[in-house]
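Participant: show me the folded form of this:
(one chain, ligands or ions: 1)
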Amino acid sequence: MLLHACCAPCSTSVIERLRSEFHLTTYFYNPNIHPREEYELRTRQMKEYTQKVEVEFIEPEYEQERWFALTQNMEMVPEGGERCRACYRLRLETTADYGARRGYDYFATTLSVSPHKNAQKINQIGRKASQKYRIKYLETDFKKREGFKRSVELSKSQGLFRQDYCGCIYSRREREKRKKTDA
Ligand code: SF4
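Facilitator: Below is the predicted model:
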């Protein structure tokens, strides 16, 4: 299985759950992450974690310009709306495309482990990508059955840093705003 991985903390419980059933390769395609230093930090952490748990890791190109072009004029769309759907679509379609070309049987994503993300929307996009690229998609809601809680426990025990914004420049701005309001 080619597993789209959004970050190391979210991947912990997903890898734990899937590895008994699938031979996993993680695919770190996340051009949404901003700025570059944050991208590098999350990539490094993901790479180190996969080495530790002995799971393959692939880092494709960091296509930040592609992500910005796709989400143009969506700056003000609130989190969870159309901008996020476009962001999921880009990441899932790129994973499905790569997986199909390399002969993987399945693809999936860690995204649904987050309590802030709607698994139905993610799975809808995954199903469409599955049809488009002709590769099976594993429908999931990894936050269920204590999946998110388990990811927090594992991240703590492994000393993984958990970021406090989703990833893109707009979610980062939202985080800054929240901090100011809370201060
Ligand atoms: S908030 Fe998260 S899912 Fe939505 S566009 Fe930004 S990085 Fe992508």
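Participant: get me the contact residues on the chain for the ligand.
Facilitator: 32, 79, 83-84, 87, 166-168, 170-171 (Cβ under 6 Å from any ligand atom). For every residue, glycine as well, the C-beta is placed using N, CA and C.
Participant: what is the nearest of these to Q64?
Facilitator: N32 (8.4 Å; Cβ to Cβ).
Participant: please look at that closest one and C168 and confirm they touch.
Facilitator: Yes: at 4.5 Å, N32 counts as touching C168 under the criterion of Cβ atoms under 8 Å.
Participant: shared neighbours, those two?
Facilitator: Residues touching both N32 and C168 (Cβ atoms under 8 Å, 6 or more residues apart in numbering): 67, 87.
Participant: quick check, central residue of this structure?
Facilitator: For the chain, the residue nearest the mean C-alpha position is C6 (2.4 Å; Cα atoms, centre = their mean).
Participant: from the residues of the chain next to the ligand, which has minimum pLDDT?
Facilitator: On pLDDT alone, E79 ranks lowest of those, at 89.
Participant: name the helix or strand for that one, please.
Facilitator: Here E79 is covered by no helix or strand, with elements defined by DSSP states H and E.
Participant: just the element for the spatially closest residue to it that is not a sequence neighbour, please.
Facilitator: Closest residue to E79 apart from its sequence neighbours, by Cβ to Cβ, 6 or more residues apart in numbering: S171 at 6.0 Å. Element membership for S171 (DSSP H and E) is helix 169-182.
Participant: how about H34?
Facilitator: Here H34 is assigned to no helix or strand, by DSSP H and E.
Participant: neighbours of it, just the number please.
Facilitator: Residues within reach of H34, counting by other Cβ atoms under 10 Å, total 19.
Participant: same thing with G147?
Facilitator: 22.
Participant: do the same with the one 10 residues further on
Facilitator: As a burial measure, the neighbour count of S157 was computed by other Cβ under 10 Å and equals 9.
Participant: can you pull the pLDDT of it?
Facilitator: You'll see S157 listed with a pLDDT of 97.
Participant: next: E75.
Facilitator: On pLDDT, E75 comes in at 88.
Participant: quick one: stretch 80-99 to chain centroid distance?
Facilitator: A distance of 9 Å separates the C-alpha centroid of stretch 80-99 from that of its chain, computed with Cα atoms, centre = their mean, to the nearest Å.
Participant: for that stretch, which outside residues touch it?
Facilitator: Contacts of stretch 80-99 (Cβ under 8 Å, 6+ apart): 2, 4, 6, 27, 29-32, 58, 60, 66-67, 70-71, 74-75, 77, 106-107, 109, 111, 116-118, 121-122, 125-126, 129-130, 132-133, 135, 137, 168, 170.
Participant: restricted to strands, list those residues.
Facilitator: 2, 4, 27, 58, 106-107, 109, 137 (DSSP state E).
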